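[1] Just to be clear, the model below is a prediction. Sequence and coordinates:
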Number of protein chains: 2
Amino acid sequence: MGDARMVLSGRDRPTLENVAQRAGVSRATASRVVNGSTSVAPHIRDKVLSAVEALGYVPNQAARSLVTQRTDSIALVASETASRVFSDDPFFSSIIRGVSLELEAVDKQLVLMMVGPSGPSHDRVERYATGGHVDGAIIFSMHGADPLPERLSRAGVPVVCNGRVLIQSSVPYVDVDNDDAARTAVRHLLDTGRRRVATIAGPQDMSAGIDRLKGYRSAMQDSGRRSLVAVGDFTRQSGALAMSQLLGDDPDLDAVFAASDAMAEGALRALRQAGRRVPDDVAVVGFDDMDFARDTEPPLTTVRQPITDLGRMAARQVLRMAGGEQIEPVLLLPTELVKRESA
Amino acid sequence: MGDARMVLSGRDRPTLENVAQRAGVSRATASRVVNGSTSVAPHIRDKVLSAVEALGYVPNQAARSLVTQRTDSIALVASETASRVFSDDPFFSSIIRGVSLELEAVDKQLVLMMVGPSGPSHDRVERYATGGHVDGAIIFSMHGADPLPERLSRAGVPVVCNGRVLIQSSVPYVDVDNDDAARTAVRHLLDTGRRRVATIAGPQDMSAGIDRLKGYRSAMQDSGRRSLVAVGDFTRQSGALAMSQLLGDDPDLDAVFAASDAMAEGALRALRQAGRRVPDDVAVVGFDDMDFARDTEPPLTTVRQPITDLGRMAARQVLRMAGGEQIEPVLLLPTELVKRESA
DNA sequence: CATATTCCAGAGAGCGCTCTCACCCGATTC
DNA sequence: GAATCGGGTGAGAGCGCTCTCTGGAATATG
């Protein structure tokens, strides 16, 4: 007793009532001050503020949410496999950082949720999000035709997806134009005289994987050439493996478009081990423009996508939805081909 | 009206009262069923459950928290620079994954918070955590003498740090014995005949950086050799840079201990560019045993630390604290020297 | 058959906060 | 000087839930 600054165990945290009492005002007035209402006389305001200070008062969010119906937090839902796949590259971290930066600016919280590839954890997320625990959700890196976005949306939770939604759905998303970006990359290879251009595609249950392969295919078709495809899962290892396969399938290939920088780096390694020089024998183009792309040997030509911005925009969109605004169903951010030495 | 499955906008979500009414029981009984109490007659139980189903009822967490004083969520606090530093390697993701797995198992939520290197965001985190929004906090990758853990702890929030706490503090932590692990790594180099062993140290405002350097120093001292140190920041680039420096300082060095795999990989690159063969001319040992360590050229000898387990244990400890248990102030997980080809 | 014991359901009191509404009092107006 | 106005404050009703406490019915006991 006596020292108000002593350790407070959960139960006896000061309430607004305590503050009001100490300041000699009503709870209502104390609330006004805490929430920054203007219509409070300055000297009363000061009394309340010093009571807050003295008691170390912090508003109880649960109580506040209960009446305001807002929680000031947003869920970021990622599939568990995503964290595994992306453990190889900074994609995951960058998205988180983007979302985080944007939310922080408006003093909202980020609740991170991992879900396994369908199964019980889906229910968990659904229950949580619809349980009024968050004001909205950003879902990223879905595999296959995940019903989660649609389900949440239908339950009244504002949802934005990061990456094109595979199934027919009214859930808005932000993404880059993967198809077009891939086409540009492949065209660059073709334009610089490459004839046998292969691709290391991403996983075919993710829109980024599908769309980049589609872009490759259409560019090849346009120039009347045959496709040569190996599929990876965006990781370095899978890139190396895919590259060896491709080399086996067509020893004369002279270019590769990899659907991620990590796979491109794997490919670089496999090519080196196979005695091919890059770019002399084989040109390589990646996708992402991760930090490490400028340090590979040789530095990687790649398609830059603004990953952090993708996160930011997703956050911004979901906040707008939560605010009752109508938002664009599709938001595409620009990509850019960054030419370095590998192609 | 009519269709209970229509889109529910935030405001008109069904309440427990609605469920009770529809099932023809009291709110208390409905609550019992929802919370899995056993003392409810089966036929009543069924009635309630089907009412829940029909209405699509989901408990309001804010209301629940308000009375139970629990939120069933745990904050994971990371410094913003961490996400930047670790964007180069999967450390960040692995910790998150570990924590996430452990929390999921007991149906708790993970709230991720980034804080800048001191400043306003510190207050934000403090306010949030003490605002009753979480049952506990895990703080990881602190820089310098961050007062946050101590502050939260003093405010009554259960806190566990991931990584040794730099300042004198009563906040418990989980970590590996960095000092000892580094010593083992360096001794391995010495034992295999290396004479001029340099180190690429981690940032000297983080305990992992400090302790690994200390381990290196003591191993060198024990064998009567002079230290040769360059400091990096755990990233690949800084590793490459540090390696060139070291090579400039002592062209005859024959081994390097890098305080992270990412820096070791950078060093490998720098050595290659300087025309040194690994391990023939220079032996390299890393730290972490990240996935990519087995794919470097040559495969990296390194100190394995169980990063995901570190996250898991931190989560487990903070949950125990939140449950009122007393926990060990220090928990060290084992490391292991993984010998591959680089040393 | 009366009484004690058990079991289950309902009533009701809050948890800490926000927000509407009524009220008071000093300033303005006729 | 009475009526009007308006800024500033307090009273009080909930938000949706949990949990204790009470009461009634069903079962076991003397």
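    That came through, no problem.
[2] Give me the buried stretch members for stretch A:275-290, please.
    Buried residues in stretch A:275-290, defined by neighbour count with 16 or more other C-beta atoms under 10 Å in any protein chain shown: A:276, A:278-279, A:282-290. For every residue, glycine as well, the C-beta is placed using N, CA and C.
[3] and these, which of them are in strands?
    Per DSSP state E, strands hold the following members of the buried residues of stretch A:275-290: A:283-288.
[4] now do the same end-to-end measure for stretch A:31-50.
    End-to-end distance of stretch A:31-50 (C-alpha to C-alpha, to the nearest Å): 14 Å.
[5] any idea how far that stretch is from the chain center?
    With C-alpha atoms, centre = their mean, to the nearest Å as the basis, stretch A:31-50 stands 40 Å off its chain's centre.
[6] can you pull the buried residues of it?
    A:31-34, A:40, A:44-45, A:47-49.
[7] Pipe those into a markdown table and attach distance to A:L300 per row.
    Listed next are the buried residues of stretch A:31-50 as a markdown table, based on distance: C-beta to C-beta, whole Å:
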| residue | distance to A:L300 |
| --- | --- |
| A:S31 | 57 |
| A:R32 | 58 |
| A:V33 | 57 |
| A:V34 | 53 |
| A:V40 | 60 |
| A:I44 | 64 |
| A:R45 | 59 |
| A:K47 | 63 |
| A:V48 | 59 |
| A:L49 | 56 |
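[8] Using TSV, lay out the residues you listed together with distance to DNA strand D and secondary structure.
    Below are those laid out as TSV (distance: C-beta to the nearest atom of the strand, whole Å; DSSP: H, G, I helix; E, B strand; the rest coil):
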residue	distance to DNA strand D	secondary structure
A:S31	7	helix
A:R32	7	helix
A:V33	9	helix
A:V34	13	helix
A:V40	4	coil
A:I44	4	helix
A:R45	7	helix
A:K47	9	helix
A:V48	9	helix
A:L49	13	helix
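[9] Tell me the secondary structure of the spatially most central residue of chain A, please.
    In chain A, the centroid-proximal residue (C-alpha atoms, centre = their mean) is A:I95; its distance is 3.5 Å. Under DSSP: H, G, I helix; E, B strand; the rest coil, A:I95 falls in the helix class.
[10] Tell me which helix or strand the closest residue to it other than its chain neighbours sits in.
    Excluding the flanking residues, the one nearest A:I95 by C-beta to C-beta, 6 or more residues apart in numbering or on different chains is A:G311, at 4.3 Å. Following DSSP states H and E, one finds A:G311 within helix A:307-322.
[11] now that helix: mean pLDDT?
    Across helix A:307-322, pLDDT averages out at 94.
[12] List the buried residues in that helix.
    So, applying 16+ other C-beta under 10 Å, buried residues of helix A:307-322: A:307-322.
[13] Okay, buried residues for the helix or strand following it please.
    Once helix A:307-322 ends, the next helix or strand along the chain (criterion: DSSP H and E) is strand A:330-333. Buried residues in strand A:330-333, counted by 16+ other C-beta under 10 Å: A:331-332.
[14] Now A:Q109: phi and psi?
    phi -100, psi 150 (degrees, to the nearest 10).
[15] Which pLDDT value belongs to it?
    So, for A:Q109, pLDDT stands at 84.
[16] That one: how many residues sit nearby?
    Counted with other C-beta atoms under 10 Å in any protein chain shown, residues neighbouring A:Q109 total 25.
[17] could I get the buried residues of stretch A:275-290 as TSV with pLDDT and distance to DNA strand C?
    Formatted as TSV, those follow (pLDDT from 0 to 100; distance: C-beta to the nearest atom of the strand, whole Å):
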residue	pLDDT	distance to DNA strand C
A:R276	96	65
A:V278	89	61
A:P279	92	62
A:V282	97	63
A:A283	97	60
A:V284	98	57
A:V285	98	53
A:G286	97	50
A:F287	96	46
A:D288	95	43
A:D289	94	44
A:M290	90	43
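[18] which of those residues come close to chain B?
    When C-beta under 8 Å from any C-beta of the partner chain is applied, no member of the buried residues of stretch A:275-290 is adjacent to chain B.
[19] Out of the buried residues of helix A:307-322, which comes closest to B:V19?
    Closest to B:V19 out of the buried residues of helix A:307-322 is A:A322 (26.2 Å), distances taken as C-beta to C-beta.
[20] ok now do the closest one, which residues does it touch?
    A:A322 sits next to A:74, A:135-136, A:158 when contact means C-beta atoms under 8 Å, 6 or more residues apart in numbering or on different chains.
[21] So which of the residues you listed is the closest to B:A258?
    A:I74 (38.2 Å).
[22] Correct me if wrong, but the closest one is in a strand.
    Yes - the assignment for A:I74 (three-state DSSP) places it in a strand.
[23] Could you report the neighbour count for the residue nearest to it when sequence neighbours are not counted?
    Nearest non-adjacent residue to A:I74, counting by C-beta to C-beta, 6+ apart: A:G136, 5.0 Å away. Around A:G136 there are 23 other residues, counting by other C-beta under 10 Å.
[24] A:G136 against A:V160, yeah?
    Yes - with contact defined as C-beta atoms under 8 Å, A:G136 and A:V160 form a contacting pair (7.4 Å).
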